[in-house]
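Trainee: mind looking at a prediction? Sequence and model below.
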Amino acid sequence: MSKVLSFDAISHWYKAERKRKVHALDSVSFSLEKGSFTCLLGPSGSGKSSLLNMAAGFIRPTHGQISFNGQPVTTVSRERAVVFQEESLFPWMRVIDNLLLALGQSGHNGSDAAREAGRLLDLVGLKGFDQAYPSELSMGMRQKAAIARGLALSGSLLLMDEPFSALDERSRDRLDQELADLWKRENITILFITHSIEEAIRLGSEILLLSARPGRLVKRWDLREAQKKLDSPDFLTLKKEIIRSMELCCPSCRERD
């Protein structure tokens, strides 16, 4: 399969107070294949969000290179859409106008843009809410609209930074399932950051584990053939293995589910 997004020996230092440097990432290398759903796990401060922000083009790594479809990532691009912890819709615009703006940036216009906006709203379960303002939607619905906006911009790659972490457990589980269904139908590539082991297993076609700072890639699990039911022996065995691996690379880590 073709590589969509590649991280090649990424190391990064942040400038902290009193000119002190913080070593955030150390020689991290991995690639996302087309159509993969890659979940990044690791303790707070392990560099997960830094890697996502580098993939988006928001920051540049101190060392190493990130490539998108074989080309170096040097700046932001609509082709690499980001869904944050808090939705990034324009609050003064209706949901439909948020989508039409994004579709215009990706080359759609006129009746073509209107049809695609309707398709995306239906795809994420927001049919009938096109005229609503973000403030009129629940948090979960706003995140759905943000996902639709991301698809309007890119259509092929979503970078998702704990998009459902602020939701209650039931809403989070429901949106996880809807996102998994969306991924399968649309054949998109997703890089997904989470602190939840269960969420990573439910969603991912693979899980990557980063160590405590400086973040290093310490383990990878291929979940393409894994049993995803919460009470299945495979699920419970994998969950225990991930917990053990996290405690080995970060003794102070404890599961947050």
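Mentor: That came through fine. Numbers count the residues shown, from 1 in each chain.

Trainee: how about the strands in the stretch 101-250 of the chain?
Mentor: All strands of the stretch 101-250 of the chain, identified by DSSP state E, counting those that start in this stretch, fall at 157-161, 189-193, 206-210, 217-222.

Trainee: which residue is the nearest non-sequential neighbour of residue 123?
Mentor: Using C-beta to C-beta, 6 or more residues apart in numbering and skipping the chain neighbours, the partner closest in space to residue 123 is residue 182 (6.5 Å). Where C-beta positions appear, they are placed from N, C-alpha and C, glycine not excepted.

Trainee: thought that neighbour was touching residue 150?
Mentor: No: between residue 182 and residue 150 there is no contact under C-beta atoms under 8 Å: 10.8 Å.

Trainee: what about those two, which has more around it?
Mentor: Legend: neighbour count by other C-beta atoms under 10 Å for residue 182 and residue 150, higher for residue 150 (26 against 20).

Trainee: that one and residue 173, how far apart?
Mentor: Going from residue 150 to residue 173 by C-beta to C-beta, to the nearest Å gives 21 Å.

Trainee: and what of residue 45?
Mentor: The spacing between residue 45 and residue 173, counted by C-beta to C-beta, is 27 Å.

Trainee: now residue 187
Mentor: Using C-beta to C-beta, which is the criterion applied here, residue 187 is 23 Å from residue 173.

Trainee: what of residue 76?
Mentor: Residue 76 sits 32 Å away from residue 173, going by C-beta to C-beta.

Trainee: the two: who's more crowded?
Mentor: Using other C-beta under 10 Å as the criterion, residue 76 and residue 173 rank with residue 173 on top: 16 against 11.

Trainee: how is the protein divided into domains?
Mentor: According to automatic domain parsing, the chain comprises the domains 3-80+154-249, 90-153.

Trainee: low-scoring stretches of the chain, by residue?
Mentor: The chain contains residues with pLDDT under 70 at 1, 87, 226-227, 250-257.

Trainee: what is the neighbour count of the closest residue to residue 217 other than its chain neighbours?
Mentor: Using C-beta to C-beta, 6+ apart and skipping the chain neighbours, the partner closest in space to residue 217 is residue 28 (5.2 Å). By the measure other C-beta under 10 Å, the count of residues near residue 28 is 26.

Trainee: quick one: secondary structure of residue 28?
Mentor: With DSSP: H, G, I helix; E, B strand; the rest coil as the basis, residue 28 sits in strand.

Trainee: for it, give me its contacts.
Mentor: Each residue near residue 28 by C-beta atoms under 8 Å, 6 or more residues apart in numbering is listed here: 7, 9-11, 47, 51, 64, 210, 215-217.

Trainee: now with 10 Å, please.
Mentor: Taking C-beta atoms under 10 Å, 6 or more residues apart in numbering, we find residue 28 in contact with 7-12, 46-47, 50-51, 54, 61, 64, 208, 210-211, 214-217.

Trainee: measure it to residue 215 for me?
Mentor: Residue 28 sits 6 Å away from residue 215, taking C-beta to C-beta as the criterion.

Trainee: any common contacting residues for the two?
Mentor: Residues touching both residue 28 and residue 215 by C-beta under 10 Å, 6+ apart: 10-12, 46-47, 50-51.

Trainee: could you pull out the helices for this structure?
Mentor: Secondary structure of the chain (DSSP state H): helices at 48-56, 95-105, 110-123, 139-153, 169-186, 197-203, 233-249.

Trainee: could you export the ones you listed as CSV, including distance to residue 21?
Mentor: Below are the helices of the chain laid out as CSV (distance: least, C-beta to C-beta, whole Å):
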stretch, distance to residue 21
helix 48-56, 14
helix 95-105, 37
helix 110-123, 43
helix 139-153, 33
helix 169-186, 36
helix 197-203, 30
helix 233-249, 22
